[in-house]
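sequence below, structure please.
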Amino acid sequence: MTYKTAVLSRIHYVYVIIALLSGLAATSVVAEPVALVLDIVGEVSPPLEAFSEIEAGKSFDLGASGRMDFLHYPTCQKVLVEGGRLSLTAENFRVSKGKVIDMSHAECPQRVQLASADAGAGIAGVVLRGAADGALKVSQRPSFLLLGATASQFKQLQVMQGKNLLLSAALDNKPLAWPETLNPLQADGEYSVVLSGAGNLTRDIPLIVTKQKKQIVPAIIQLE
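Numbers count the residues shown, from 1 in each chain. The predicted model follows:
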């Protein structure tokens with residue numbers, strides 16, 4: 001093998017390694033959600049359901065009169081659009097051949113993410129990430145929404161103050177709001193949310209209660 005051939009062979013080898021590493025990096029990137037769908041009226045393509053999340057880079061055809069009401073996370077805007085094509089990015093959104101019916105500033109949702117500690121362990125053994133001090137920040141009359149791959153496995157939500165049960169309610173894939181008949185939570189009190197499912201499936205999430213009286217946008221519990 002000549003010196004020139006050896007150099008070219010080594011360069012080719014380096015390019016192959018770079019290409020393989022780039023491919024692995026691309027496959028490991030997970031698209032982040034950028035919006036929460038609040039309501040759908042009429043036909044939307046591809047189809048969406050209320051209280052589902054939209055990832056960056058997605059586009060939707062609203063036809064002539066389809067409407068979508070959504071919360072855009074990056075800009076903390078509550079937006080109602082009608083017709084045309086809606087495209088969402090990590091920075092903004094765009095409506096083409098349609099119109100924005102209403103747009104107003106809204107509170108950004110608080111979120112805690114429960115992720116499998118072992119990719120092969122399914123939902124067994126989870127770790128908290130994405131929330132300050134491993135807790136979910138809520139108002140004195142909170143609202144909760146479960147999202148994610150394993151959210152449907154949890155059927156009951158309880159709010160505890162120590163060992164005292166304050167609220168027990170069934171989950172139905174919609175936001176669960178604090179009942180008006182119950183006293184509000186106290187700011188800086190020690191509370192937790194307990195999720196339960198079939199068998200012994202449970203998740204316990206500490207809460208931080210703020211001085212905010214009521215929560216308009218539900219706190220999101222992401223279950224992977």
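
tell me where the chain has helices.
Taking DSSP state H, the helices of the chain run over residues 3-28.

tell me the domain boundaries of it?
33-105, 111-223 (automatic domain parsing).

and the ones you listed as JSON lines, adding mean pLDDT?
Formatted as JSON lines, these follow (pLDDT from 0 to 100):
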{"stretch": "domain 33-105", "mean pLDDT": "95"}
{"stretch": "domain 111-223", "mean pLDDT": "84"}
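
arrange these in CSV, one row each, with mean neighbour count as further columns.
From N, CA and C alone the C-beta is placed, and that goes for glycine too. Formatted as CSV, the domains of the chain follow (neighbours: other CB atoms under 10 Å):
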stretch, mean neighbour count
domain 33-105, 16
domain 111-223, 15
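
and the end-to-end length of stretch 101-110?
26 Å (CA to CA, to the nearest Å).

now what about that stretch, what contacts it?
36, 67, 71, 73, 76-82, 131, 136-138, 215-220 (CB atoms under 8 Å, 6 or more residues apart in numbering).

do stretch 173-181 as well
Residues contacting stretch 173-181 (CB under 8 Å, 6+ apart): 50-51, 141-146, 151-152, 157, 167, 169, 184-185, 215, 218.

so which of the contacts of stretch 101-110 are in strands?
Of the contacts of stretch 101-110, the ones assigned to strands by DSSP state E are 36, 67, 71, 77-82, 136-138, 219-220.

contacts for stretch 196-207, please.
Stretch 196-207 is contacted from outside by 112, 114, 123, 126, 128, 133-138, 142, 153-156, 158-159, 185, 191-195, 221, 223, using CB under 8 Å, 6+ apart.

the same query, at a cut-off of 6 Å, please.
112, 135-136, 138, 153-156, 191-195 (CB atoms under 6 Å, 6 or more residues apart in numbering).

what is the residue nearest to residue 36 when sequence neighbours are not counted paired to in the beta sheet?
The shortest distance from residue 36 to any non-neighbouring residue, by CB to CB, 6 or more residues apart in numbering, is to residue 71 (4.6 Å). Counting by DSSP bridges, residue 71 forms beta bridges with residue 36, residue 78.
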